[in-house]
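Colleague: Got a predicted model here, sequence first, then my questions.
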Amino acid sequence: MHSKGIYEGQRKTSDAKRVVNLTRSAYAGQHRYATITWAGDTSANWETLKRHIPEGVNFCAAGEPYWTVDIGAFFVRRREQWFWNGEYEDGCRDLGYRELYTRWLQYAVFLPMFRSHGTDTPREIWQFGEKGTLFYDAIEKFIKLRYRLLPYIYSLAGMVTHKNYTMMRALAFDFQDEEVKQIDHQFLFGPALMICPITRPMYYTSGSKKMEHADKTQRVYLPKGADWYDFWTGEWYEGGQYIIKEYPIDRMPIFVKAGSILPMSDAVAYTGLQKECDITLRVYAGNDAEFELYEDEEDNYHYENGAYAWTKFSWKEETKQLSIGQPSGEFEGRVKDRIYQVIVIDKENPYQDVI
């Protein structure tokens, strides 16, 4: 009822701004009132980050499409209250917390809502070092990746609204593979990407204690029923196997399903600039692929009356041909002339990502 009051009250006041209600409480059907639910006021430790993954997957599997977390946890230090149970008294000055925060942020890049929030310590990027240092550069790289993925992410949001889709998906949603039922630390982000967050320290522990000779590898399962590409290197892997690779602080395991089209743009300074950007279409060959780019006016409810457009991309594996359809739909401000750069990645042509 609280969410209903916010939503209906704001819409009666003005239909020009979309309602966004960030709430820690959620009940069945609450998403009809434009709610985004977050994990609550958690404490900073690696176990909390690890638990976030199945929490979010199960939440979305229950029919609520919008899930998020406090990047780096809400409570960072430890106090008398039982719930104030972080492990980093020096906050962002602690190199152990900087590593935890960086890995938390990498995970959150692939959530429906990307946000940093909490108490005890500041969260701005410049609090974690300066350009050219380990954690600053890793954080900057993944923030830019989130912005580059905006065409893909906004299209997923369009699919949620218009096609009853779910952005954050359990592996079992898309793969009839008994092995995936045992995996609680990987998930799908839309139809193309599989995300495998790092949930243990590799560099420092609490108190800035350096870890000597720490293992920097991660074991990842690639579901059968598809082949897979490493997002960073373009290397191809057959599905139905575990692989182990090294992931330093500026990388997290991200894999792209063969037979995917991934639209990306430039790493803009803020979302309002993205609309005018050229779009890069990464075609991950190996199977036929389709993707529909969604666009609308971005900050009103005119889409409820048909003011939006879909542009369909189709890849035919047999002919190695990409088709770009005419936009179906119209709205004020739609970019009429769009430049698409096409990159085809296959077994023989890996693509090294540079951010």
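Modeller: Okay, I see it. Numbering: from 1, shown residues only.

Colleague: okay, CA-based contacts and neighbour counts for the rest of this
Modeller: Will do.

Colleague: Show the residue spans covered by the helices in the stretch 101-250 of the chain.
Modeller: With DSSP state H, counting those that start in this stretch, the ranges of helices along the stretch 101-250 of the chain come out as 134-148, 150-163, 171-174.

Colleague: distance between the longest one and the chain's centre?
Modeller: A distance of 13 Å separates the centroid of the chain from that of helix 134-148, by CA atoms, centre = their mean, to the nearest Å.

Colleague: same thing with the last one?
Modeller: Put simply, helix 171-174 sits 17 Å off its chain's centre (CA atoms, centre = their mean).

Colleague: Same check on the second one?
Modeller: Between the mean C-alpha location of helix 150-163 and the chain-wide mean there is a distance of 12 Å, by CA atoms, centre = their mean.

Colleague: ok, residue 260 - how many residues close by?
Modeller: For residue 260, the neighbour count with other CA atoms under 10 Å is 24.

Colleague: Let me see the backbone angles for it.
Modeller: Backbone torsions of residue 260, given as degrees, to the nearest 10, read phi -130, psi 150.

Colleague: Any figure for the gap between it and residue 92?
Modeller: To residue 92, residue 260 is 38 Å away according to CA to CA, to the nearest Å.

Colleague: okay, and for this structure, where does confidence drop off?
Modeller: Within the chain, the segments meeting pLDDT under 70 span 354-355.

Colleague: so what's the residue nearest the centre of the chain up against?
Modeller: Geometric centre of the chain, nearest residue: residue 110, 1.2 Å, by CA atoms, centre = their mean. With contact set as CA atoms under 8 Å, 6 or more residues apart in numbering, residue 110 has these partners: 146, 189, 195.

Colleague: for those residues, which one is nearest residue 319?
Modeller: Comparing these against residue 319 with CA to CA places residue 189 closest, at 28.1 Å.

Colleague: which residues touch the closest residue to the closest one other than its chain neighbours?
Modeller: Excluding its sequence neighbours, the residue lying closest to residue 189 (CA to CA, 6 or more residues apart in numbering) is residue 168, at 4.9 Å. By CA under 8 Å, 6+ apart, the contact list for residue 168 reads 56-57, 60, 65, 111-112, 187-190.

Colleague: tell me which of these is nearest to residue 141?
Modeller: Distance to residue 141, by CA to CA, is smallest for residue 111 among these, at 16.5 Å.

Colleague: I'd like to know how far that closest one sits from residue 84.
Modeller: As defined by CA to CA, residue 111 lies at a distance of 25 Å from residue 84.

Colleague: ditto for residue 166
Modeller: Separation of residue 166 from residue 84 (CA to CA) stands at 33 Å.

Colleague: likewise residue 251?
Modeller: 30 Å.

Colleague: same thing with residue 234?
Modeller: On the measure of CA to CA, residue 234 and residue 84 end up 43 Å apart.

Colleague: Need phi/psi at residue 113.
Modeller: phi -130, psi 130.

Colleague: where exactly do the strands run in the stretch 51-200 of the chain?
Modeller: 67-68, 168-169, 187-189, 193-195 (DSSP state E, counting those that start in this stretch).

Colleague: So which elements touch the first one?
Modeller: The criterion is 3 or more CA pairs under 8 Å, 6 or more residues apart in numbering; DSSP states H and E, and the helices and strands that strand 67-68 contacts are strand 35-38, helix 46-61.

Colleague: switch to 6 Å and redo it
Modeller: Strand 67-68 sits against strand 35-38, with contacts defined as 3 or more CA pairs under 6 Å, 6 or more residues apart in numbering; DSSP states H and E.

Colleague: Counting by contacts, list what the strand it packs on packs against.
Modeller: Using 3+ CA pairs under 6 Å, 6+ apart: strand 35-38 touches strand 21-23, strand 67-68.

Colleague: picking that back up, so residue 166 and residue 84 - more neighbours on which side?
Modeller: Neighbour tally, residue 166 and residue 84, criterion other CA under 10 Å: the higher count belongs to residue 166, 24 against 17.

Colleague: Test my guess that the more buried one contacts residue 65.
Modeller: Yes - counting by CA atoms under 6 Å, residue 166 sits close enough to residue 65 to count as a contact (5.5 Å).

Colleague: give me every residue that touches residue 197.
Modeller: With contact taken as CA atoms under 6 Å, 6 or more residues apart in numbering, residue 197 is in contact with residue 107.

Colleague: Torsion angles phi and psi at it?
Modeller: Backbone torsions of residue 197, given as degrees, to the nearest 10, read phi -60, psi 150.

Colleague: Please report how far it lies from residue 84.
Modeller: 25 Å.

Colleague: Ok, residue 29 next?
Modeller: 31 Å.

Colleague: What of residue 347?
Modeller: The value you get for residue 347 to residue 84, if CA to CA is used, is 50 Å.

Colleague: next one: residue 294
Modeller: From residue 294 across to residue 84, the span is 42 Å (CA to CA).

Colleague: Please apply the same query to residue 131.
Modeller: Residue 131 is 32 Å from residue 84, by CA to CA.

Colleague: Next: residue 10.
Modeller: Residue 10 is 34 Å from residue 84, by CA to CA.

Colleague: Now do the same for residue 6: helix, strand or coil?
Modeller: helix (DSSP: H, G, I helix; E, B strand; the rest coil).

Colleague: And it, how close does it get to residue 13?
Modeller: Distance, residue 6 to residue 13, by CA to CA: 11 Å.

Colleague: Looking at these two, which one has more neighbours?
Modeller: The residue with more neighbours, out of residue 6 and residue 13, is residue 6; 16 against 9, by other CA under 10 Å.
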